[in-house]
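**Q** What would the 3D arrangement of this be:
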Amino acid sequence: MEEKVLASDSKRGSGILLLMLLVFLVPGSAQPPRPIVVAVIGGDSMYQVLPPGTIPALTNPEYLTGEDVAAQMRPEEPVLGLVVNGEAVAYSLWQLDRHEIVNDVLGGTPIAATW
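**A** Numbers count the residues shown, from 1 in each chain. Model prediction:
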């Protein structure tokens, strides 16, 4: 079975997240957008925090070999793993946190992996 792991499009996003938190925590800085209720399902409100299309999907993912991944990720880091027609792939959850969707072809089948 062929295995592949999504390559990073940048180093961990923690620095960006920290910067975003600092911007919103500094007195007098810009305020984050207010979430709006877009639906109520079973009594629970569903909120829209960002406008549609704000977070870009990964559309041409590049992959690393297992050796390269071992050098960049800790063994306990969670991934979203899929196998389609004998072809396996793993998408790192920290990367999906930044993109939320990967449009890909796996085992000859177009897929949309979402998180």
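
**Q** in the protein, which segments are predicted with low confidence?
**A** Scanning the chain for pLDDT under 70 picks out the ranges 1-33.

**Q** OK, contacts around the closest residue in space to V49 that isn't next to it in sequence?
**A** For V49, the nearest residue in space outside its immediate sequence neighbours is P35; the separation is 4.7 Å by Cβ to Cβ, 6 or more residues apart in numbering. C-betas here are computed from N, CA, C, even on glycine. Taking Cβ atoms under 8 Å, 6 or more residues apart in numbering as the criterion, P35 is in contact with 47-49.

**Q** In these, which residue is surrounded by the most others?
**A** Comparing these on neighbour count, Q48 comes out first with 12 neighbours (neighbours: other Cβ atoms under 10 Å).

**Q** how close does that residue sit to V38?
**A** Q48 sits 5 Å away from V38, going by Cβ to Cβ, to the nearest Å.

**Q** ditto for R74
**A** When Cβ to Cβ is applied, the distance between R74 and V38 equals 36 Å.

**Q** okay, these two: which has more neighbours?
**A** A direct count of neighbours by other Cβ under 10 Å for R74 and V38 places V38 higher, at 9 against 6.
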